[in-house]
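Engineer: I would like to see how this sequence folds:
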Amino acid sequence: MLDSDIQLANDRREFLSRFFAASLGLMGASLIGVSLVNLLFGSTSSVGTFSLGQGLQGVVGLFFVFSLFNGKAKNFFLSAFARQKNQLRVFLFPLLVWPFFLVYRFSIEQSGEVKPYLRRITEGSIVEWLSFIFLLFSAFLLWKAVSNWSSWRGKLIARFIAICLFVASMEEMSWGQMIFNWRTPEVFDVVNRQQETNMHNLAFFHDYTWLTLSLVFTLLSFLSAISYFQPWESLLKRSHVVRVVLPLSCCFSYFLIAAIMYWGVVIEKSGVNVSFLHTREQEIAECLAAIGIFIHCVFLYLSPASKGRMTGSRL
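Structural biologist: A predicted model of the protein is given here:
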């Protein structure tokens, strides 16, 4: 890697570390705010009554804010982005968390609290917001990542994908309608199944969205598996395009879980009852896939290559 590439990678790593530390602090402040609203206003608030969970949420928020101000959050991310061996941890994270989620999912099924759970993961929830944020920032990172590439073909493909990611992120928020709550234009009100300002719910495409995303997530799983078994060094020396198209192998676990969940949704939508699965859990699958895409875009952003030679690593 050239000296200019090394300096650019260090500058980008510093920027990402600062950004994520600030985002963590902002999330912490939000968690504290919600806990305080519940504590002070109780049942009169729109977010529910105060509970032990809300109290723990506030404590976590305090920890996030404290980590921001004492610099530990920035140092944590700076260290994480600097070590390629952390890819194994990234790969294992959803696999280690998933059993705990299944236990939680089973417990709420037995306790009859499925409706509150679904409200927390359905459209407009924090899960959908996270998908929007990950996809939007992925588009930005991918666009910037290829700014110093010499290959016009690789740059063109990467920026086309970045535009697609931007469109996907805006579709999640109905192009701002879910934020600003404007009235749906008449043309969309007539042809859109959910009367929203987006394209993926248009009548002629709506019924195919689940199958389409299932295939996309499956393809991403397959491509990330290929990136593990193929000789990265020889491939990357020949093509910038390969670097963009083949996701990091550590993203495989995110795409695989997303694909499995979405195929379950497809089966449910076809009229076959799948126990222990609700179709609204598609939002969790979409969020997992968005995280996998984001991880890959972060790697591309932190691995600038102005010439043909690029570095890559497996798990």
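
Engineer: quick one: the helices in the stretch 1-150 of the chain?
Structural biologist: In the stretch 1-150 of the chain, the helices defined using DSSP state H, counting those that start in this stretch lie at 3-41, 52-69, 72-82, 86-111, 114-121, 126-145.

Engineer: over to the stretch 151-300 of the chain?
Structural biologist: With DSSP H, counting those that start in this stretch as the criterion, the stretch 151-300 of the chain has helices at 152-172, 177-180, 186-191, 203-206, 209-229, 232-238, 240-245, 252-269, 282-301.

Engineer: buried residues in stretch 266-282?
Structural biologist: 266, 268, 278, 280-282 (16 or more other C-beta atoms under 10 Å). Heads up, the C-betas are built off the backbone N, CA and C, glycines and all.

Engineer: which one of those residues is nearest residue 114?
Structural biologist: Compare each of the buried residues of stretch 266-282 with residue 114 using C-beta to C-beta and the shortest gap goes to residue 278, at 7.3 Å.

Engineer: burial measure for the residue lying closest to the closest one once chain neighbours are set aside, as a count.
Structural biologist: Closest residue to residue 278 apart from its sequence neighbours, by C-beta to C-beta, 6 or more residues apart in numbering: residue 118 at 6.3 Å. By other C-beta atoms under 10 Å, the residues close to residue 118 number 16.

Engineer: hmm, back to that, pick the most deeply packed of the helices of the stretch 1-150 of the chain.
Structural biologist: Neighbour counts (mean count of other C-beta atoms under 10 Å) averaged over each of the helices of the stretch 1-150 of the chain peak at helix 126-145, with a mean of 21.

Engineer: show me what that one is packed up against.
Structural biologist: If contacts are counted by 3 or more C-beta pairs under 8 Å, 6 or more residues apart in numbering; DSSP states H and E, helix 126-145 sits against helix 114-121, helix 152-172, helix 282-301.

Engineer: so which of those is the most surrounded?
Structural biologist: helix 282-301 (a mean of 25).

Engineer: how far is it from where the chain is centred?
Structural biologist: Computed by C-alpha atoms, centre = their mean, to the nearest Å, the chain-centroid distance of helix 282-301 equals 4 Å.

Engineer: dump it to CSV, restricted to CA.
Structural biologist: Extracted in CSV, the C-alpha atoms of helix 282-301 (Å, rounded to 0.1, in the frame of the first residue of the first chain):
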residue,chain,number,x,y,z
GLN,A,282,-38.8,-9.3,8.4
GLU,A,283,-37.7,-5.9,9.8
ILE,A,284,-35.1,-7.7,11.9
ALA,A,285,-33.8,-9.6,8.9
GLU,A,286,-33.6,-6.4,6.9
CYS,A,287,-31.6,-4.7,9.7
LEU,A,288,-29.2,-7.7,9.9
ALA,A,289,-28.6,-7.5,6.1
ALA,A,290,-28.1,-3.7,6.3
ILE,A,291,-25.5,-4.3,9.1
GLY,A,292,-23.7,-6.8,6.9
ILE,A,293,-23.6,-4.3,4.0
PHE,A,294,-22.4,-1.6,6.3
ILE,A,295,-19.6,-3.7,7.6
HIS,A,296,-18.4,-4.4,4.0
CYS,A,297,-18.6,-0.7,3.1
VAL,A,298,-16.6,0.2,6.2
PHE,A,299,-13.9,-2.2,5.1
LEU,A,300,-13.8,-0.7,1.6
TYR,A,301,-13.7,2.8,3.1
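
Engineer: can you give me the pLDDT of the nearest residue to residue 119 once chain neighbours are set aside?
Structural biologist: Excluding the flanking residues, the one nearest residue 119 by C-beta to C-beta, 6+ apart is residue 125, at 7.1 Å. Looking at residue 125, its pLDDT reads 79.

Engineer: these two touch, right, residue 125 and residue 283?
Structural biologist: Yes. The criterion here is C-beta atoms under 8 Å, and residue 125 meets it with residue 283 at 6.8 Å.

Engineer: low-scoring stretches of the chain, by residue?
Structural biologist: Counting by pLDDT under 70, the chain has low-confidence residues at 1-3, 42-54, 81-85, 231-238, 304-315.

Engineer: again, 50 this time
Structural biologist: Along the chain, segments meeting pLDDT under 50 span 44-47, 307-314.

Engineer: ok so, going back, ok, so of the buried residues of stretch 266-282, who is nearest residue 175?
Structural biologist: Closest to residue 175, out of all of the buried residues of stretch 266-282 and judged by C-beta to C-beta, is residue 282, at 20.0 Å.

Engineer: mind listing what the closest one touches?
Structural biologist: 210, 213, 261-262, 265 (C-beta atoms under 8 Å, 6 or more residues apart in numbering).

Engineer: how near is the residue nearest to residue 278 to residue 186?
Structural biologist: 31 Å (C-beta to C-beta, to the nearest Å).
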